[in-house]
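Enquirer: Got a predicted structure here, sequence first:
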Amino acid sequence: MIFNLSENNSIANRFIAELRDVNVQKDRLRFRRNLERIGEVMAYEISQRLNYHPQEIETPMGVAKVNLPSNRIVLATILRAGMPMHQGLLNYFDRAESAFVSAYRRHHKDGTFEIALEYVSCPDLNDCVLILTDPMVATGASVEMAIEALKRFGQPSEIYVATAIASRQGLEHLRRTMPSAKVWAGAIDDELTAKSYIVPGLGDAGDLAYGPKLQA
C-alpha cells in the first residue's frame, strides 16, 4: 500500500519544494529541517492508523476520557541521510525506541554498484510497529536489505517505510518483495537513470544534509 502526500495539497508541498530547490539546498540547516518536517508530517499521518485504547486523565477540574495509542513503536533509519527524518518522527513518537542500519552504495568502475551493509543496532521487534526512514527510495534495494536485516531482531506486526522522494521503479520493487509494507512518500518521480539516480529528485540527501563524503 502506497500513500503519496503530494496527491493532496498541504504544507508538505513547500517542504518538498525547498528540498528540491538548488538555491535553498545551499543552506544545510534548512535542508535538514525540511527533512525533519516531512518526518513530522508522516508521523501524524501514520498515527491515524495505529491502535488506540481509552484512558481517563485526571485534570485540575475533573476527569477527561481520551484515546491513546497502544502500539509499541520502533523507529529505524538508514544512516546517514535518514537521520533528519528519523528525528522528525521521534519528535512526535517521543516514546518510541530506535534502530539504526549502516548501508551504502559501493560503486564499481564499470558504473554498477552494490548495497553494502555494515552493521545494525536494534531493539526487540516482535509485535511492534516498525517505521523505517530513508529520504530517497531509488531502486528500493537498500530498503529491502535494511528490513531483512532488521527482521533478525523479531517480527513486527506492521512495517511502514517513510521517504521524502521515491521512484516508481523503487516502489514497484518494494511492492513485489515486501507486499505487506506500507510506504509513505512525500513525492513520487517517474525517472530513474542508468546509475539509479531519481529524476528530478533532489540530488544526494546525505551530502546535502551533512556535506560531501570521501570513500576510503
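Expert: Yep, it's here.
Enquirer: For the most far-flung residue of the chain relative to its centre, what are phi and psi?
Expert: The outermost residue of the chain, judged against the average C-alpha position, is Met61 (40.8 Å), by Cα atoms, centre = their mean. Dihedral pair for Met61: phi -110, psi 0, per degrees, to the nearest 10.
Enquirer: quick one: what helix or strand has Ile147 in it?
Expert: Secondary structure assignment for Ile147, by DSSP states H and E: helix 141-150.
Enquirer: Return the helix or strand in the chain with minimum mean pLDDT.
Expert: Lowest on mean pLDDT, DSSP states H and E among the helices and strands of the chain sits strand 113-121, with a mean of 76.
Enquirer: before we move on, back to that, strand partners (parallel or antiparallel) of the next helix or strand after the helix holding Ile147?
Expert: Using DSSP H and E, the helix or strand that follows helix 141-150 in sequence is strand 158-167. Counting by DSSP bridges, the strands paired with strand 158-167 are strand 129-133 (parallel), strand 136-137 (parallel), strand 182-189 (parallel).
Enquirer: Out of those strands, which gets nearest to Lys151?
Expert: Among those, strand 129-133 comes nearest to Lys151, with 8.9 Å by Cβ to Cβ. For every residue, glycine as well, the C-beta is placed using N, CA and C.
Enquirer: Determine how far that closest one lies from the middle of the whole chain.
Expert: 7 Å (Cα atoms, centre = their mean, to the nearest Å).
Enquirer: who touches that strand?
Expert: 39, 46, 50, 71-78, 82, 85-86, 89, 93, 96, 99, 143, 146-147, 150, 156-163 (Cβ atoms under 8 Å, 6 or more residues apart in numbering).
Enquirer: Write a ChimeraX command that selects only the buried members of those.
Expert: Buried subset of the contacts of strand 129-133, written as a ChimeraX selection, criterion 16 or more other Cβ atoms under 10 Å:
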select :39,46,71,72,73,74,75,76,77,78,82,85,86,89,93,96,99,143,146,147,150,156,158,159,160,161,162,163
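Enquirer: if we can go back for a sec, nearest to Gly211, out of the strands paired with strand 158-167?
Expert: Of all these, strand 136-137 comes closest under Cβ to Cβ, at 16.9 Å.
Enquirer: Quick check: mean pLDDT of the closest one?
Expert: For strand 136-137, the mean pLDDT works out to 96.
Enquirer: got the contact list for Pro135?
Expert: So Pro135 contacts Leu35, Ile38, Ala81, Gly82, Pro84, Met85, Thr163, Ala164, Ile165, Ala205 (Cβ under 8 Å, 6+ apart).
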